[in-house]
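Asker: take this sequence and fold it.
(one chain, ligands or ions: 1)
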Amino acid sequence: MARELTPEQRGVRRDAVAELGQALRDLVDAAVRTEVPPDRLAEATRAARDLTGLLSEDLREVHEIASVDDPATGERWYSPVYGPGSPVAPPMVVQDRPEERRCVGRVTVGKQHEGPPGLVHGGVVATLLDHVLARSARAAGHGGLTASLTVSYRRPVHLGVPLVVTGELVSVEGRRATATARVVAEDAPEITLAEGEATLVALRADRASEVFARTGRDVGAWTSRG
Ligand SMILES: CCCCCCCCCC(=O)SCCNC(=O)CCNC(=O)[C@H](O)C(C)(C)COP(=O)(O)OP(=O)(O)OC[C@H]1O[C@@H](n2cnc3c(N)ncnc32)[C@H](O)[C@@H]1OP(=O)(O)O
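Answerer: Reported below is the predicted structural model:
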């Protein structure tokens with residue numbers, strides 16, 4: 001069952017969700033970096049279980065869209081990439097530039113997303129690329145699901161370094177769009193650390209109704225506009 005909020009209630013809730021999200025990201029960072037003794041870990045475990053109990057007093061079913069989200073535009077407050085409320089999002093801050101068919105993400109990746117020591121996990125790099133690839137197409141009016149994604153890892157991507165992740169819509173043919181993306185360090189933009197290319201396919205309206213039926217909402221953002 002959808003939980004409808006007035007715009008004012010949604011604004012208040014979004015602020016609270018973002019504050020909790022930041023507190024939880026700080027907690028996750030501390031959890032993966034701590035070297036406190038086992039008795040302090042046990043104490044933290046008890047506190048974490050208490051917190052889970054508090055938040056579990058009212059939970060959404062797994063397909064239910066959050067009351068702070070806007071399914072028509074596709075803004076997700078718990079997105080694992082940019083969601084202000086997500087404890088696992090880096091989070092990337094993304095600016096849409098539809099007039100340039102581009103979007104630009106800024107992010108600094110922390111210890112919880114480490115792969116090789118001191119480096120960002122390759123799957124996380126692919127996730128960041130996937131997001132700006134799909135988003136550059138969406139921002140230009142060609143929303144779709146990622147049908148294929150290729151990633152080339154050119155240089156190691158270090159933790160704790162401000163990154164710029166840029167996606168660009170290259171072409172559109174019917175329901176199919178092609179986009180390219182790259183990751184650079186903010187202070188060395190001429191060196192490509194990783195790059196990606198994706199085919200995004202907009203769902204036919206009848207297929208979208210089927211795919212998103214379990215949300216119980218009208219989800220328009222991944223559907224063909226044609
Ligand atoms: C503001 C917030 C922004 C948020 C951004 C969110 C980013 C998230 C992006 C994702 O991660 S999406 C999640 C991962 N992707 C999926 O779950 C997709 C799963 N796959 C499918 O649902 C279907 O395979 C798909 C919708 C992609 C295609 O099914 P269709 O039945 O619509 O395809 P169809 O066979 O009719 O082909 C339509 C066109 O797409 C092309 N196509 C289909 N699959 C392809 C493929 N794998 N590679 C390349 N092209 C492909 C196909 O050739 C054809 O081209 P043409 O129209 O030119 O003939």
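Asker: for the helix or strand of the chain with the lowest mean pLDDT, list every residue counted as buried.
Answerer: Lowest by mean pLDDT, DSSP states H and E among the helices and strands of the chain is helix 205-211, with a mean of 85. Neighbour counts using 16 or more other Cβ atoms under 10 Å place A208 of helix 205-211 among the buried residues. Placement of C-beta: from N, CA and C, glycine included.
Asker: paired strands for the strand or helix carrying L200, with orientation please.
Answerer: Per DSSP states H and E, L200 falls inside strand 194-201. Note on strand 194-201: by DSSP bridges, its sheet partners are strand 145-153 (antiparallel), strand 176-185 (antiparallel).
Asker: pull the residues that contact it.
Answerer: The contact list for strand 194-201 (Cβ atoms under 8 Å, 6 or more residues apart in numbering) reads 125-126, 129-130, 133-134, 137, 142-155, 157, 175-183.
Asker: avg pLDDT for it?
Answerer: Mean pLDDT, strand 194-201: 98.
Asker: how about that strand, does it reach the ligand?
Answerer: Yes: judged by Cβ under 6 Å from any ligand atom, strand 194-201 comes into contact with the ligand at T199, V201.
Asker: figure out how far that strand is from the centre of its chain.
Answerer: Strand 194-201 has its C-alpha centroid displaced from the chain centroid by 16 Å (Cα atoms, centre = their mean, to the nearest Å).
Asker: pull the CA atoms of that strand into CSV?
Answerer: Output of strand 194-201 as CSV, limited to C-alpha atoms (Å, rounded to 0.1, in the frame of the first residue of the first chain):
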residue,chain,number,x,y,z
ALA,A,194,38.1,4.1,-16.1
GLU,A,195,35.7,4.3,-18.9
GLY,A,196,32.4,2.6,-19.9
GLU,A,197,29.9,2.3,-22.6
ALA,A,198,26.3,1.1,-22.3
THR,A,199,23.2,0.3,-24.3
LEU,A,200,20.1,1.5,-22.5
VAL,A,201,16.7,0.1,-23.6
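Asker: what residues sit buried inside it?
Answerer: Result for strand 194-201 [16+ other Cβ under 10 Å]: buried residues A194, E195, G196, E197, A198, T199, L200, V201.
Asker: before we move on, what about stretch 210-220?
Answerer: F212, V219.
Asker: ok, so what distance separates the most far-flung residue of the chain relative to its centre from the ligand?
Answerer: Residue farthest from the centre of the chain, counting by Cα atoms, centre = their mean, is D39 at 34.9 Å. Separation of D39 from the ligand (Cβ to the nearest ligand atom, to the nearest Å) stands at 42 Å.
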